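1. could you work out the structure for the sequence below:
(one chain, ligands or ions: 1)
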Amino acid sequence: MVHEKKDLTGKVMVVTGGNSGIGFEAARDFARRGARIVLICRSEARGKAALAKIEAETANDQGLLYVADFSSLASVSAVADKLLADFLKIDVLCNNAGAANGKRTETPEGFETTLVTNHLSGFLLTKKLMPALERAAESGLARIVFTSSYGHTNSALDFDDLGLQNGYKTLVAYGRSKLMNLLTARELQRRVGASNIVTSAFHPGAVRTPIWSKGGFVGRTLGLVLYPFMVSIKKGADTFIWLASSEDAASVGANGNYFYERRQPRVAKHATDADAERLWNVSEELVAPYL
Ligand SMILES: NC(=O)c1ccc[n+]([C@@H]2O[C@H](COP(=O)([O-])OP(=O)(O)OC[C@H]3O[C@@H](n4cnc5c(N)ncnc54)[C@H](OP(=O)(O)O)[C@@H]3O)[C@@H](O)[C@H]2O)c1
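-> Residues are numbered from 1 along each chain as shown. The predicted structure is shown next:
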C-alpha cells in the first residue's frame, strides 16, 4: 500500500474502458496523483461523464477522452493514430475494456465479437502504440497492463475455431479471450525482453461492476449467484493500480506475469508458452489490415 501515494505528475496513462468499473476506479486514482489520464471509451456521453466526475473529485483537469468501439478494429486503429499524433510518449497503457456476450455475433469486419472486443482490439492498440511506449521507456519505466480473469482457466484455446463457430458458450468465449490477455502479456514481455517496458496481466476478483448485467442471461445469472461473494470496485482495482503505477511492480516479477491480489497465482496448465507465441502470430495476421 505504501507506493499507492507515488506522485504520477507528468505521466501519460491510457485506460481503455475507463468510464466504468475498475477502469474508472484506476483512472481516478491516477488522476488524483497528478497523471494525465487518457480514457478510451465507446460512448462519448459516458466518457465525458466519467471525466467530469474525475475532474470534480480530483481537481485534475488534464484528462482527455478518445472515442473508439473495441468491436471494430478500424475504430481502434483510428484512435491509435490520433494518440500517436497527440502524444510523443505514453507511459502506461491499461488494456482493460472488455465484455461478455450472451450470444454469438459477428462484427461487420467479420470477427466474433468477444474475440475482437476483448483481445484483438487491445492487441492492435498495443502494437500501434509501441513507439510511444518505447519513447517513455527511454527515460523511465513504461508499463502495459492487461485486465485478464480467473476465467482464463475455463478452456484452452482452439486455434481451429477462434471465432467459436462450432458451438458458442458465453463462458468459453469470455474465458478464452481472457486467456488471450494473459498470454499476450507474457509473449509481449518475451518479445521486448528485459527492457524498461514491463507487461503484466491480472485477475481483479469477482467484482461488483456493471459487467455482469451486460453479459446476457449467463452473465446476469452468474452475477446474481456470485453477488454476495463479490468484492468492491475499490478492492478489485487494487492490483490493477499497483501493477500500473507502483515502483515495485517490476521488482516483484511483473515481467509478463499474471497476478491476483498482488501475488502470482498458479495459471491454468493450458496457458502454455507455445500457445502464447502461436496466438501472437495469428493475431498479427488478423490485425495486419488495420495496422
Ligand atoms: N467484474 C469482474 O468481476 C471481473 C472479473 C474478471 C475480469 N474482469 C475484467 O475487468 C475489465 C473491466 O470490467 P469491469 O468489471 O470493470 O466492467 P465494466 O464496468 O462493464 O467495464 C467494462 C468497460 O469496458 C468497456 N467496453 C465494453 N465493450 C466495449 C467496446 N465494444 N468498446 C469499447 N469499450 C467497451 C465498457 O464500456 P461501456 O460502459 O460503454 O459498456 C466499460 O467501460 C474487463 O476486461 C473484464 O473482463 C472483470
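2. is stretch 161-170 anywhere near the ligand?
-> No - shown here: stretch 161-170 not in contact with the ligand (CB under 6 Å from any ligand atom), separated by at least 12.2 Å. The C-beta positions use only the backbone N, C-alpha and C, and glycine is treated the same way.
3. list the buried residues in that stretch.
-> 162-164, 168, 170 (16 or more other CB atoms under 10 Å).
4. also stretch 7-20?
-> Result for stretch 7-20 [16+ other CB under 10 Å]: buried residues 8, 11-20.
5. and the pLDDT for Thr58?
-> Listed pLDDT for Thr58 reads 98.
6. tally of neighbours for it?
-> Counted with other CB atoms under 10 Å, the neighbours of Thr58 add up to 20.
7. do the same with Arg143
-> With other CB under 10 Å as criterion, Arg143 counts 26.
8. hmm, the host helix or strand of it touching the ligand?
-> For Arg143, the host element (DSSP states H and E) is strand 142-147. Yes - on the criterion CB under 6 Å from any ligand atom, strand 142-147 is in touch with the ligand at Thr147.
9. which secondary structure element of the chain has the lowest mean pLDDT?
-> helix 216-226 (a mean of 93; mean pLDDT, DSSP states H and E).
10. what's the spacing between that helix and its chain's center?
-> 22 Å (CA atoms, centre = their mean, to the nearest Å).
11. then the helix or strand just after that helix to CSV, C-alphas only?
-> Downstream of helix 216-226, the next assigned helix or strand under DSSP H and E is helix 233-245. What follows is helix 233-245, C-alpha atoms only, in CSV (Å, rounded to 0.1, in the frame of the first residue of the first chain):
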residue,chain,number,x,y,z
ILE,A,233,-14.7,-2.0,-7.1
LYS,A,234,-12.0,-0.4,-5.0
LYS,A,235,-10.6,-3.7,-3.9
GLY,A,236,-11.0,-5.1,-7.5
ALA,A,237,-8.9,-2.3,-8.8
ASP,A,238,-6.1,-2.6,-6.2
THR,A,239,-3.8,-5.0,-8.1
PHE,A,240,-4.6,-3.1,-11.4
ILE,A,241,-3.4,0.2,-9.8
TRP,A,242,-0.4,-1.5,-8.2
LEU,A,243,0.8,-3.0,-11.5
ALA,A,244,0.3,0.2,-13.4
SER,A,245,1.9,2.6,-11.0
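12. relative to strand 142-147, how tilted is helix 233-245?
-> Angle, helix 233-245 to strand 142-147, by axes from the mean of the first three to the mean of the last three CA atoms, to 10 degrees: 150 degrees.
13. what lies in contact with helix 233-245?
-> Helix 233-245 is touched from outside by 3-4, 6, 8, 11, 13, 21-22, 24-26, 29-30, 33, 35, 92, 94, 96, 143, 145, 147, 200, 202-205, 207-209, 249, 254, 259-262, with contacts defined as CB atoms under 8 Å, 6 or more residues apart in numbering.
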